[in-house]
Structures are given as C-alpha cells and as structure tokens.
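Novice: the following block contains a protein sequence and its predicted model.
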Amino acid sequence: LELVGKIERIIQRHTYEPEELINYIKELEMLYPRKAGLIDELTGLFNHRYLVLRLAQEVERAHRYKLPLNLLLLDIDYFGRYVRERGEFYGNLVLKKVAELLKKNTRGSDVIVRYGGDAFAIILANTSLEAARSLGNRFSAIIKNHPFLYAETLPKGKVTVSVGLVFLQKQTAEELLWCAERALKEAIKKGGNRVEVYEPV
C-alpha cells in the first residue's frame, strides 16, 4: 500500500471493515498486476488468479448494465503428447506462440489469460454469442494454420485447439467458469479441433 500511495487514504479513517480493506487490495492488484504476481512469466499474459478477480468484475458489470458477456476457454489438443515427444523447450515455444497469436487477433478490451498448463481463457465483453462463436472459430483456424515446429507428429498433423464457449445469462462468475469448462470438456470429448457452446440443461 505504501508503494502506491494508498496508505494515507486508509489511515485517515478511524474505522474500516475488513471487507473494505480487501477491496482496496484487490483494486491495487488490478492496477499493478505484475507487482501483484498476476502475470504468467512464460507467456506474459495474465494468470488464473487475475482471471478470477477480473471475471467477477465483468460479470457484475454485465448484470448491472445488462451487457452481453462471453467466456471462452481454449485448450491445445494432444499437448502432453507433443511435450513427451519433443520436450519442454518446444512445448514452451508453442505456448508462447499461441499466446502471441491470441493477442494479435483480439480487441484491446478483450482479456486474455493463461488459464493453466496448455489452456487459455478469453473474456469477451460487449460481444454477442454469435460474434464470440465466430471469434472462437477464427482462433481455431489461425492456430491450425500456423506452421508450428514438429506439428506433423500430432494426430492431425497440425497444432489444433478445443474451444469451450459460454454466454452469460444469470450465472455468477464461478458458475460461468464452470459452464465454460463443461463446454471445453465436450469439445475435447468430440475429438478436439472444434468450438462447443455451453447449452443449459
């Protein structure tokens, strides 16, 4: 707090609730993500913890102002096999290139996150479901058509991705993430290299 000049703001108040202090800290984390440890060192993207914080904000904003919001999860097909056959060095090159391709093909308002391992998440605010689906297909095609080293060793002869997509309805941030994971699992189950949209039961 001292580093960013916020300590005085808190000291001047005689009493404050723990929840208020937590909100101050979250605010600072969002303003200074690298200092707060919210950046993935390999890809330079935001990390999973940032996603949790930011998604909660975006869901609250979307509900409050009745704005469209989509969450997209993207997983590299057969990535474990690729790393076993070619090694961690080339696996990391693939991860960094996928991160770069995603950054080049998203808007400044879109939030790209390394979700973990070989998975990425993208928060698409103010985006219709059809536009989000088109983006998912575009990401899939861009990655599939990129000449990754040793991609021929993979089952499809190329690096491909599975994509799970969910459109915000009445879900909480946690529920939205769960729905996106279900859609991603369905895409993987169907053989990968496809976009699956979550369908409520």
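Specialist: Alright, I've got the coordinates.

Novice: could you use CA atoms for every contact and neighbour count after this?
Specialist: Fine.

Novice: surely Tyr82 and Glu152 touch.
Specialist: No. Look at Tyr82 against Glu152 with CA atoms under 8 Å: they stay out of range, at 10.0 Å.

Novice: ok, and the closest non-adjacent residue to Phe167?
Specialist: Leaving aside its chain neighbours, Phe167 sits nearest to Asn70 (4.5 Å; criterion: CA to CA, 6 or more residues apart in numbering).

Novice: can you give me the helices in the chain?
Specialist: Using DSSP state H, the helices of the chain run over 7-11, 18-31, 48-65, 79-86, 88-104, 129-145, 173-189.

Novice: what's near enough to touch Pro33?
Specialist: Ile39, Phe46, Tyr50 (CA atoms under 8 Å, 6 or more residues apart in numbering).

Novice: kindly recompute the last result at 7 Å.
Specialist: Applying CA atoms under 7 Å, 6 or more residues apart in numbering to Pro33 gives the contacts Ile39.

Novice: which residues touch the residue nearest to Phe167?
Specialist: Ile123, Leu124, Ala125, Thr127, Leu129, Ala132, Val166, Phe167, Leu168.

Novice: surely the last one and Leu69 touch.
Specialist: So the one you mean is Leu168. Yes. Between Leu168 and Leu69 there is a contact under CA atoms under 7 Å: 5.4 Å.

Novice: pick out the residue nearest the middle of the protein.
Specialist: Ala121 (1.9 Å; CA atoms, centre = their mean).

Novice: neighbours around the closest residue to that one other than its chain neighbours, how many?
Specialist: For Ala121, ignoring the flanking residues on the chain, the nearest one in space by CA to CA, 6+ apart is Leu73 at 4.5 Å. Residues within reach of Leu73, counting by other CA atoms under 10 Å, total 29.

Novice: would you check that Leu73 makes contact with Ser162?
Specialist: No. Leu73 is beyond contact range of Ser162, at 8.2 Å (criterion: CA under 7 Å).

Novice: shared neighbours of the two, anything?
Specialist: Joint contacts of Leu73 and Ser162 (CA under 7 Å, 6+ apart) are Leu184.

Novice: distance check, Lys103 against Phe139.
Specialist: 10 Å (CA to CA, to the nearest Å).

Novice: repeat that for Gly192.
Specialist: For Gly192 relative to Phe139 (CA to CA), the value is 14 Å.

Novice: buried sites along stretch 149-164?
Specialist: Judged by neighbour count using 16 or more other CA atoms under 10 Å, the buried positions of stretch 149-164 are Ala151, Leu154, Lys158, Val159, Thr160, Val161, Ser162, Val163, Gly164.
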